[in-house]
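> My questions are about this predicted structure, shown below with the sequence.
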Amino acid sequence: MTRSSIGHALWLLSVLPCLVGAFAPTSAQERASVAGRVTHGEHQEPVEGAIVEIEGTGLSALTTSEGRFLLLGVPPGPHVMRVTRIGFATRRLSLNMPAEGVLEMDVRLAPRALELEGLVVTADPAGRARGELGTSSVVEQEAIRHVTATSLADLMFLVPGVELLPPDLSTRRTLSLRTAPTSGTGASNASDLAAFGTLIVLDGVPLSNNVNLQGAGGGGVDLRRIPANTLERVEVIRGVPSARYGDLTQGAVIIDTRAGRIRPEVQLQHDARTSEVSVVWGDSLGGGHLASVTTDFARSRSAPGLSSDVSERTAFQVAHRVATGGPRPSLVIDTRVDGFELTDDRPENPNVRPGWSFFTRERGLRASIRARRSFDSEATLTLTTSLGRVSQESRSLVPKDRPAQPLTTRMTEGREIGQFVEGHYTADFGVRGAPTQFYSRLEAELPQSFLGTSTGLRTGMELRREWNHAAGISFDAAFPPYQTFNGVRGFARPRAFDDPPLVTSAFYLDDRFSVSLPGALGLNVQGGIRVDLLHRGSGWLSGIRDAVVQPRLNLEFLASRWLRLRAGWGLTAKLSPLRLLHPTRQYYDVVNVNWFAPDPAERLAVLTTFIVDRENEAIGFSRARKAEVGVEIDLGSLDVSLLVFHDRIRDAAAVLPEAGHILRDLFQLNDSTLGTGRPPEIIEPPYAADTIPILVERPHHHVRQTSEGFEFTALFPEVPALKTRFQIQGAWIRTTQESEALDFGPATAFGDFQLLAHQERAPYWRGAMERGERVLLTYRAIHHQPALGLIITATVQHNVMDRIEDIGSTDALSFEGYVTRAGELIPVSMEERAEPEYNDLRRSRTGLVTTPLTTPADWLLSVQVSKTLPMDGRLSFWAYNVLDNPGKFFGPDVRRRPYSGMRFGLEATVSVRALIGATP
Amino acid sequence: MSGLGWPGGRTCGRMGLVALLVLALVAVPASAQFGPLLDASEPGCGKGAWGPGAELPPLQRRLPGMATVEPCSPLLLQPLPGLAWLAGNPAGLADETPNRETMLGLQYRGQSGTYRRPLDPGSEGYVGVFGAGWRPVGERAGVAGRVSAGTGRSGETALATVSLPHAANPFVVADTTGSDLRGTSVRVEGSGGLALGRWRVGLSLGFAGADARTIEAPAPRLIRSAAPAVAVGVARLLRPGWLVGVHGRWLGRSERVEIFTVAAEDRIYQLEGFGEPMVFNIRSFYSRWLRSREFGGGLSVAAPLGGGRWAAVAEVMEVADRHWNEDVQDSPSDRWDATRTRLAWAWEARNAPRARTFVSVEWIGSHGRARRIGDPEDHFTAREWSATATGGLSRPASSDVRWSVRGQVERGSRARVDSAAHVTDDLDSWTMSFGAWLQYRISPDVEVSVGGTSGWYTPRGQTLNPLTREEAYQRFVGRELMVYASPARAWGVAAGIDWRRRAGAPLRLRVTGSRLAPGESTHPLPLAPEGHRTRWDVSLGVVLNR
């Protein structure tokens, strides 16, 4: 971000309200209002005391004894009006507010949700995340209940461009919005993915995977830890988020869990692989206190009948709210304690892989408190503080068979006499980590009028500190999990996790204002700026290692009552994970002497250990730029949204192999006679020395990713005769990853180069581009019979196109140069590469998918049937891939899309009070 | 060909007890009694064939016979015969759901014994939940739906690798590891009918799925099946009570079988009619994909008669089964095409308090042809039919006692020709069953019922002497043929309690037990079944929404 662009953004933020406000000097009271009546869904009697609120605005009202309500000063544009009343199903209605006038909305409440007319059980295509103007999909609780989901990951198919998968816990699930899968063979690898990420915010506190040092640990937060049954609302911000949200490059998912007053119920779900039970209960404790408890247990078997592999999750949350200050409380304090345990157990299956087993367990506990103080001026001040810790533990047992190899377990640099290890052993590899996160945010919201324009100024400060101090990686160095005679990328050593903490701070200023323009036109503007700082030391007062300024702007122009034009632009940044900020040291063990006599007592191995520090001070934030334009058409019950986006992540951090060398001393032996019964000794000093080429994997900002495409959603009005609504959503996404990283070919080839002293050079290649392209359409038909309390949903996922391709030369002349045994890179011009002196370098580059692989168009059908039951219960049947389409497979250049096989299950919700006979 | 024969003609008196799926208003169909492990169907009296996924017999080759003994519950007011309940035409629901009923419950089914076919497991157990209901919607519509789901386990050398090993299709795969299976299954069906003036339209949707896996097997076996179904119907009200309609049905079925030989080499036997089974030694993986499509339609009519109501249906279904080995892009290796026809008529009257009279007749025929890949022409044909007549009475003997009797006679014929193996199997059979039970009101709220039934199955005709064939044939094909070629005897008992609770929904408890055993034979057959087979059914239901 240049200084001039920052200045422009700030100028725009401060001046824009003045400019647009000058067109229409209106007061809040003159803006649009919502008025209506809330009645009982069956006998039309008025419902008194229902809370009617416009989400995200702070506007709310209580219905009178006649059920009437009036909300003044509602900003123009799309909103969600929520009506809640104890004893009734919560009702949410989408509003498209005009710039002025009174919108009449009569609302009928039903005791049971499925008996509501106009029930929305899909993502709201024109929904807005609260306080956000960026493109988002909002999934309300009723839609969540209607989707068979074990975790948050299973809900994401409601977002355009995301595939529908059967509910499952047995595989790690992460999310990257607006990204098409690429081959993953060339420019990127698992660790690259850590630089890309979708922010997950749970109850106002971001979740983080930044200090996860367990294994590769790539990607974002494992969504399996978040049970779907305990979610109240999910907002998926696909477009440009406000300045409030940081540490992201690929959008944000804002999650509210169920808390407060909740009708107690038990939810059971079962299919051939997965079983789940959830219990939720929340009630008033009197005196302004509310408390709730949610618990969930789920168990998945990945391949019952084939293996005993099982994944389990236990999650709970205890929430408490206290409000003081009367009906409009001036102080609200929310306290939440939540925890989870997620285990993946792959016990030994003697029939399949004797001796192999794997176990991993994560246990997390988090406490957060949010205090919100309201002032008479409608200003609010909110302090959110959270402390969370995840205890990670994993262990793998892998049988190894290896020939006799010289080995050292030295932890410091230097030379020593090693040992020969051979034969069969079981490598016992364990990891213990403890990612801990402290997060605090102080935010002020200041609604005000400015030249006739009401604005919602928001400013805040974030402090974050994450660390991972634990036992770390453990294994017997003499029986390592992997060991080869050569060490292209060095060898592993046990190590404790004692890295410096990851300390950041952030400041943001964000403003959203709405103005009425002549001719019932309207304009919504949200602009903001966010500054993230990465600190060098362990505290927030330490020096700054990296800083990034992120201006953002979203515009929404109401061209008419039914047409909205939208645009957004912004910069975002994602913090590099700890393992790239402070990478582990790399060990290289060089064999100086390998005297392998028939008699073990006469053998001699001498090795020298070198340690390379891989730190790169330049590692900091990965920057991204997001831009989108779109149009939304709202014709009452027909909602159409079309957006074009272009996201670019530049300089994402990832490890990059660098060529280097280490010096090897060569020794003569004092006695090479066999049968002496003792090993020989080396003769000092070394008689010679040579160089061993190595590759050092050092983090760099070198990966670029561009995603472009369009998304559309169309929710058609209900066909009255069929009582059915149709929805189509889809996305075309093309993702390109580029890297200038050097490619030294397969590790085995470079390993041969290390070992063969007579091989003087090895070729290298530069850069590669991966491209993935996907067109995914989802059709949903939602049949609703309120009188029967019945909803039937059919979802067709139409994979129109999937294509992956790597772009890079692979012919024999594609090498860029060669690396010498001293690790020196010698480029060779294109003209010279065909010369005979380079015969040894002319070999085909491997590993790239240069022939585009396209998956033929295919589709699968999934259905769900939900029915209310007596005693406030509900029964749902679901079937994924109901026709058991296995996926098509056509030819050698065609990639198969193996659909998961048909899965089916039942889900039942039972009211606890009905079970025990209490009055609901 | 070396054949075995039996005398015919005067054997009617030895007819056995029927086990066919018959009409909507008779007791539990026999196909459910000895159906596959993972047939998730709700227990109870009536409505066995109304859903779109109802499979027409003789799709399943059933065990010779088993008594149906369960009395209908007085708690449920069963609908009278009609377009929906007899023909499966959903358009009739607009007129045929005068009352509102919902039942939810739990059920257990278990059977075991040595009297069995080679591909039957030695024992089976199933535990599940079920729900069924129907109701009018406003004045112009009616709906019906049912859902059942459960989990089951089969043990003692279940050799079949497919969920319907005794389908009419002769292509069946068996493996010899004989590991126990555990699985889950579900069936969901819903129908709705709407009146538009004198016209009626209706739609039914259904799905049945099953997922079964071996337990701790050296050669794990996975079986997964999905069977969606849809039916549409149109009817016209000719005059009050008179409905005539047409309907169409489509049933799909996809089944995948995967066998992993991770620790032991497995031997697969592919049965293809009456030829010697083909043997495959598999070392790592074997898969077979079975896809079936059924499409057809029918004509039905319903009208009042004699204080009750009658209905009739004529339906024709075309069946196309395709089987693939290994990858699905290959041409199907086996094909089976069949035409099935059903003619049925039923009448029921409730012309006095707690009194019920019903009569039904049904004829079902099937003609199928099988062809393997590379065959120039069909190598196997099967022509089967069955005719069934059922009648019953239920009358109050006093204010507290009601008696019921039921009788059923079936004539069956099955002619199967394997032109490749030069084998013909031509069997006719008579089955006859009688049942009676008493329902006694011991208090104003509680009614208990007990009953018993008995029947005989008598075959005649000729079939191949299995001892003239190889060992694999005797093991998998011959023994099954001898089950059908041997007389059988069945009997059963039932007891139930219906409790109308003063506070809360009425409860229904049913326990039935039945036994199947060889009958007396004047011509002892080689490889004839021995021992007996016992089955127990227990269900507990609650009636809601009255």
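Received it, and whenever you're ready, just let me know what you need.
> could you measure the residue of chain A found nearest chain B against A:F157, distance?
Closest residue of chain A to chain B, CB to the nearest CB: A:G305 (2.7 Å). C-beta: built from backbone N, CA, C; applies to glycine. Remark: distance between A:G305 and A:F157 (CB to CB, to the nearest Å) = 27 Å.
> Could you do A:I51 as well?
32 Å.
> do the same with B:A382
45 Å.
> which non-adjacent residue is nearest B:L251?
Excluding the flanking residues, the one nearest B:L251 by CB to CB, 6 or more residues apart in numbering or on different chains is B:E294, at 4.1 Å.
> Would you map the helices across the stretch 51-200 of chain B?
B:93-96 (DSSP state H, counting those that start in this stretch).
> Please name the bridge partners of the residue of the stretch 401-546 of chain B found nearest chain A.
Closest contact between the stretch 401-546 of chain B and chain A, by CB to the nearest CB, is at B:L544 (5.3 Å). The partner list for B:L544 in beta bridges (DSSP bridges) reads B:T102.
> got it, and B:D175?
Under the criterion used (DSSP bridges), B:D175 bridges to B:I268.
> Check it and give its pLDDT.
pLDDT, B:D175: 77.
> again, but for A:L114
65.
> One more: A:A627?
97.
> Pretty sure B:G308 sits against B:G82.
No - at 11.2 Å, B:G308 does not count as touching B:G82 under the criterion of CB atoms under 8 Å.
> These two: which has the busier surroundings?
B:G82 (28 against 18; other CB atoms under 10 Å in any protein chain shown).
> Skip the chain neighbours and tell me the closest residue to the more buried one.
Nearest non-adjacent residue to B:G82 (CB to CB, 6+ apart): B:E96, at 3.9 Å.
> got the residues of the stretch 701-850 of chain A near chain B?
A:785, A:787-788, A:792 (CB under 8 Å from any CB of the partner chain).
> Kindly recompute the last result at 10 Å.
When proximity is defined by CB under 10 Å from any CB of the partner chain, the stretch 701-850 of chain A lies next to chain B at A:721-722, A:783, A:785, A:787-788, A:790, A:792, A:794.
> could these go into TSV alongside neighbour count, pLDDT and distance to A:H701?
Formatted as TSV, these follow (neighbours: other CB atoms under 10 Å in any protein chain shown; pLDDT from 0 to 100; distance: CB to CB, whole Å):
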residue	neighbour count	pLDDT	distance to A:H701
A:A721	7	77	59
A:L722	12	79	55
A:H783	17	89	51
A:Q785	19	83	56
A:A787	14	80	60
A:L788	18	81	58
A:L790	20	86	55
A:I792	19	89	51
A:A794	18	92	46
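> Is the residue nearest to B:L251 located within a helix, as I assumed?
No - going by DSSP: H, G, I helix; E, B strand; the rest coil, the assignment for B:E294 is strand, not a helix.
> ok, so what distance separates it from chain A?
14 Å (CB to the nearest CB, to the nearest Å).
> and what of B:S284?
Relative to chain A, and taking CB to the nearest CB, B:S284 is found at 11 Å.
> And the pLDDT at the residue nearest to that residue when sequence neighbours are not counted?
Setting aside the residues directly before and after it, B:S284 is nearest to B:T261 in space (CB to CB, 6+ apart), at 5.9 Å. On pLDDT, B:T261 comes in at 77.
> The residue of the stretch 401-546 of chain B closest to chain A: how many residues sit nearby?
Neighbour tally, B:L544, other CB under 10 Å: 17.
> check contacts around it.
A:869-871, B:100-104, B:131, B:133, B:505-506 (CB atoms under 10 Å, 6 or more residues apart in numbering or on different chains).
> are any of those buried, and which?
Among the contacts of B:L544, the ones that count as buried by 16 or more other CB atoms under 10 Å in any protein chain shown are A:869, B:101-104, B:131, B:133, B:505-506.
> Show me the beta-bridge partners of the closest residue to chain A within the stretch 1-150 of chain B.
Per CB to the nearest CB, B:A149 is where the stretch 1-150 of chain B lies closest to chain A, at 5.2 Å. Applying DSSP bridges to B:A149 gives these bridge partners: B:V129, B:V186.
> Could you pull up phi and psi at A:A721?
phi -70, psi -30 (degrees, to the nearest 10).
> Repeat that for A:A749.
phi -70, psi -40.
> again with A:E163
Per degrees, to the nearest 10, the backbone of A:E163 is at phi -70, psi 150.
> how many neighbours does it have?
A:E163 has 16 nearby residues by other CB under 10 Å.
> So the residue lying closest to it once chain neighbours are set aside, which state does it fall into?
Nearest residue to A:E163 in three dimensions, chain neighbours excluded: A:F157, at 6.3 Å (CB to CB, 6+ apart). The three-state label given to A:F157 by three-state DSSP is helix.
> what helix or strand does A:R178 sit in?
Here A:R178, judged by DSSP states H and E, is contained in no helix and no strand.
> mind listing what the nearest residue to it once chain neighbours are set aside touches?
In space, and not counting its chain neighbours, A:R178 is closest to A:S707: 5.2 Å by CB to CB, 6+ apart. The contact partners of A:S707, taken as CB under 10 Å, 6+ apart, are A:161, A:176-180, A:196, A:250, A:624, A:626, A:645-649, A:733-737, A:772.
> residue of chain B with the smallest distance to chain A?
Closest point on chain B to chain A, by CB to the nearest CB, is B:R213, at 2.7 Å.
> which residue ranges form the strands in the stretch 401-550 of chain A?
Secondary structure of the stretch 401-550 of chain A (DSSP state E, counting those that start in this stretch): strands located at A:414-417, A:419-433, A:435-450, A:453-474, A:495-498, A:502-517, A:521-535, A:544-558.
> And B:G113, how far from A:A143?
50 Å.
> Which one's more surrounded, these two?
When B:G113 is set against A:A143 and neighbours are counted by other CB under 10 Å, the residue ahead is A:A143, at 20 against 17.
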